[in-house]
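In: Sharing a sequence plus its predicted fold:
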Amino acid sequence: MTGLELKKELKLACERFVSAKLETIQKTIQSNKDSLDSESKSSAGDKHETGRAMLQLEMEKAGQQLSQVQQMKLMVEKINVTKLTDVAALGTVVKTNVGNYFIGISIGKVTVLKDDYFVISPGSPLGRLIVGLKGGDEFSFNGKSQKVIHLF
């Protein structure tokens, strides 16, 4: 697999992650709307009001999650996997003596062709250390020194 094919595969993993999150949140919102509608048809006094208030809180929470996932989606759309680079940035695969990283969104470990890649956000603590590095550069994270062996 070429470097560009690997980058496309890792971006696809990010897209799948965002799509799954989006689907889950949309189902939650719809379920809460349905419950709110059924609560409206009931009139059990204080219990009714408490139930509606709880559903409102759940709707607000789901709305915040939806906003976060939409931000992730925008970030994924910005990932350029059509060119190779020699400086770590959004869309770069970074291989170190300790592990492999893909700078995209924070989704954790992804396995591509039996190799593990940690998909991290450029705004994460580790991402901020890696962005801007070139091959041969060193950095330290959680007390572990790492050296960039190769990036593209």
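Out: Right, received. Where do you want to start?
In: the helices in the protein, which residues?
Out: 3-41, 46-78, 125-130 (DSSP state H).
In: between those helices, which gets nearest to Val112?
Out: When those are compared by C-beta to C-beta, helix 3-41 sits nearest Val112, at 5.1 Å. Bear in mind the C-beta positions are built from the backbone N, C-alpha and C, glycine included.
In: The closest one to helix 46-78, inter-axis angle?
Out: 160 degrees (axes from the mean of the first three to the mean of the last three C-alpha atoms, to 10 degrees).
In: Mind giving me the packing neighbours of helix 3-41?
Out: helix 46-78, strand 93-96, strand 108-112, strand 115-120 (3 or more C-beta pairs under 8 Å, 6 or more residues apart in numbering; DSSP states H and E).
In: How is this protein divided into domains?
Out: Following automatic domain parsing, one gets these domains for the chain: 3-78, 93-151.
In: Format these as CSV; extra columns: mean neighbour count and mean pLDDT.
Out: Formatted as CSV, the domains of the chain follow (neighbours: other C-beta atoms under 10 Å; pLDDT from 0 to 100):
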stretch, mean neighbour count, mean pLDDT
domain 3-78, 14, 87
domain 93-151, 16, 97
